[in-house]
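**Student:** Need a 3D model of the following:
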Amino acid sequence: MTTYEPDPWTPQPPWPFTGREDELDLVRRCLTGGRHGIVVTGPPGHGKTRLGTEAVRGAGCARATGTPGTRRLDFAAFAHLLPGEVSLHHAVRLLSGVRLLVVDDAHLLDDASAALVHQLAVHGRTRLVVIAADGGAPVPAAVSRLWTGELLPRLALEPLPREETARMLTAGMGRTPEPLTAGRLHRLCGGDLRLLRELVGELSERGLLTQGCEADEWTWRGPVPVTAAVRERVGPALEGRTPGERDCLERLAFAEPLPLRLDDLDLDAVEGLEGGRLVQVDDEGAVRLAHPLHGPVLRTAAGRLRARRAAPTPEDCGPALAAERAALARRIEEADVRDLPTPVGEWLAGEGVPVPAGYAAVRARFARLRGQVREAAAWAREGVRETPDDPACRAELAPPVPRSPRTSAHDDPYARYDAVRLGRPQRVLGRLPHGVFARHADALARGDGPALDRAAEALRQRGFLLFAAEAYAQAAHAHRAPGAARTSRNRALALARRCQGARTPALSGLVPGGLTARQRQIVALAAAGLTNRQIAERLTLSVRTVGNHLYSAYARLGSSDREQLPWLVEPPAVKSA
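**Tutor:** All right, here's what the predicted structure looks like:
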């Protein structure tokens, strides 16, 4: 096992902006179009401030920030922009000449500052980017009226998706995270990007990041380090609980990754914790902690000796792991691979405990059918680590491309379906199970673009993202109307970018779109193997500009690094120096 030295791996803030390209375009359109600005809201740590900063980068603007300690002081947030004591009317007149104003932490504004922002929006002479956190303290009424009163549009930031989180980790660390590591970090941080950076930084400083199976990959296995930053983020929610609630939380923490039955806990305590969103109770009466970091924090506070005595062993997880495997296999048989929680298997893999090959093979196949090709390979490697000669895991490590039905098992509907993916539906018409696969084959055989679109959407709804991307790509070729073909192609690209670089015949015909001429030029050179510096020298640009163009293009091409670019573009001929 190779452990990286801390210094090269310690991320240097800020990380490159990535993962919010669509939101960035929306904010910029609101500032340059007919709108008077925009309000950006979301939970703390979701990247609101960074998004606003990127949106106004290069433009002259004034800034104001709310702070918790000055909410009783009139115009405290604008003290640096206003001369001494002023009335609201005078303040509006003074700031109406500002062309662009960014107001951060608007949920912490004093009443006078909030009223000033509202009046500036009413007058419409100043373009506003107002950033406010939600889910905590009440937002001043004058601020919430910006969107409820339809003065400004509101962009509510959702947690960064898993695929975009992996891209952010790649951009911040300079190397690609192993899929199971990226998924684990995404679950632990729950969209809190500041916590993500702090946790990865701590892992790096402690030397816990190791070389992955691929040369350009890093991985993390082992317990979660409970740092001061982790306690600061999640600790306050655990404070102020009754003794019964605290006992319930600790019992749940030491049971992880297994749940406890509702009948085994104090019902009043569970009701209080559920109301505070600290626990989750499913339909079968199983109770779990709601936040994946609460368990490590609670166990650390209780001490190592109790943790060793009370925590379940891998052997204790056997029945639950078997139940997860059965649930995954049942979903595969039912042609429904929508996201299914697998906390026990993920805990074993994350802790570095050997995962049984039988479970790993089923988990790998489930991931592959979802289009998560790199994750499928990662699960297969977990199984091979335990049982090197396991044939099912070895098969999942083969390139994820459709196979000819002549060499596939004819009793496997997924193997027969490969003929449809290869564009040869006539070979299996009438031999596929009734349902989405049969509809896809029939639509492709008839060259029916709208029917292919419907089949693709049905595949997407069942979780088959790669199959849906392929069906949309086939629809793009079948459509006669250019507009319909363009829509199908864009949907194919959007789904393909979520499939971790899967390369299949149906997707290879997609032509990149939505790029500027400069982006297409830079992407083509990158696909040809040139480094950012070589591209910058060839096009007389700065290295930073080249990097920014590439990051923007990645989101539209469905790629996260250079290795995935050649199959999306036809690189130009490049002469050697």
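**Student:** Next SSE downstream of the host helix or strand of Arg251?
**Tutor:** Using DSSP states H and E, Arg251 falls within helix 243-255. Using DSSP H and E, the next helix or strand after helix 243-255 towards the C-terminus is strand 260-261.
**Student:** Contacts made by that next one with the rest, please.
**Tutor:** Contacts with strand 260-261, where a contact means C-beta atoms under 8 Å, 6 or more residues apart in numbering, come from Arg251, Leu252, Gly285, Ala286, Val287. All C-beta spots, glycine's among them, are computed from the backbone N, C-alpha and C.
**Student:** Filter the residues you listed down to the buried ones, ChimeraX style.
**Tutor:** This is how ChimeraX selects the buried members of these, with burial counted by 16 or more other C-beta atoms under 10 Å:
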select :251,252,287
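**Student:** And the contacts of strand 260-261, which two are furthest apart?
**Tutor:** Largest separation among the contacts of strand 260-261 by C-beta to C-beta: Arg251 and Gly285, giving 15.3 Å.
**Student:** Tell me which residues touch Gly19, please.
**Tutor:** Gly47, Leu160, Glu164, Thr165, Arg167, Met168, Ala555.
**Student:** How about Leu273?
**Tutor:** Shown in contact with Leu273 (C-beta under 8 Å, 6+ apart): Arg241, Glu245, Cys248, Leu249, Val279.
**Student:** Check what pLDDT it gets.
**Tutor:** Reported pLDDT at Leu273 in the predicted model: 94.
**Student:** before we move on, what about Gly303?
**Tutor:** Reported pLDDT for Gly303: 74.
**Student:** cool, and Phe17?
**Tutor:** We have a pLDDT of 82 for Phe17.
**Student:** Ok, His410 next?
**Tutor:** 53.
**Student:** Among the contacts of Leu273, name the buried ones.
**Tutor:** Among those, those classed as buried by neighbour count (16+ other C-beta under 10 Å) are Arg241, Glu245, Cys248, Leu249, Val279.
**Student:** can you tell me how far the fourth one sits from Gly303?
**Tutor:** It stands for Leu249. To Gly303, Leu249 is 15 Å away according to C-beta to C-beta, to the nearest Å.
**Student:** again with the third one
**Tutor:** Between Cys248 and Gly303 the computed distance is 18 Å (C-beta to C-beta).
**Student:** Then the first one?
**Tutor:** Distance, Arg241 to Gly303, by C-beta to C-beta: 18 Å.
**Student:** buried ones in stretch 492-509?
**Tutor:** Neighbour-count burial for stretch 492-509 [16+ other C-beta under 10 Å]: 492-493, 495-504, 506-507.
**Student:** need these in TSV with pLDDT, distance to Ala456 and secondary structure, can you?
**Tutor:** TSV is the format used below for the buried residues of stretch 492-509 (pLDDT from 0 to 100; distance: C-beta to C-beta, whole Å; DSSP: H, G, I helix; E, B strand; the rest coil):
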residue	pLDDT	distance to Ala456	secondary structure
Ala492	92	8	helix
Leu493	85	13	helix
Leu495	89	8	helix
Ala496	88	12	helix
Arg497	81	15	coil
Arg498	85	14	coil
Cys499	87	14	coil
Gln500	82	19	coil
Gly501	78	20	coil
Ala502	82	15	coil
Arg503	81	19	coil
Thr504	87	14	coil
Ala506	89	11	helix
Leu507	88	13	helix
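**Student:** Any chance of TSV for the residues you listed, columns distance to Phe17?
**Tutor:** Formatted as TSV, the buried residues of stretch 492-509 follow (distance: C-beta to C-beta, whole Å):
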residue	distance to Phe17
Ala492	26
Leu493	21
Leu495	24
Ala496	23
Arg497	18
Arg498	20
Cys499	24
Gln500	22
Gly501	22
Ala502	26
Arg503	28
Thr504	31
Ala506	32
Leu507	28
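**Student:** from the chain's centre, how far out does stretch 195-208 sit?
**Tutor:** Put simply, stretch 195-208 sits 19 Å off its chain's centre (C-alpha atoms, centre = their mean, to the nearest Å).
**Student:** oh sorry, the question was meant for stretch 113-127
**Tutor:** With C-alpha atoms, centre = their mean, you get 34 Å for stretch 113-127.
**Student:** What residues of it count as buried?
**Tutor:** For stretch 113-127, burial by neighbour count (16+ other C-beta under 10 Å) applies to Ser113, Ala114, Ala115, Leu116, Val117, His118, Gln119, Leu120, Ala121, Thr126, Arg127.
**Student:** Quick check: mean pLDDT of stretch 435-451?
**Tutor:** 96.
**Student:** Would you mark the buried spots in that stretch?
**Tutor:** Those would be Val436, Phe437, Ala438, Arg439, His440, Ala441, Asp442, Ala443, Leu444, Asp448, Gly449, Ala451, for stretch 435-451 by 16+ other C-beta under 10 Å.
**Student:** Which members of those residues occur in strands, if any?
**Tutor:** Assignment to strands by DSSP state E places none of the buried residues of stretch 435-451 there.
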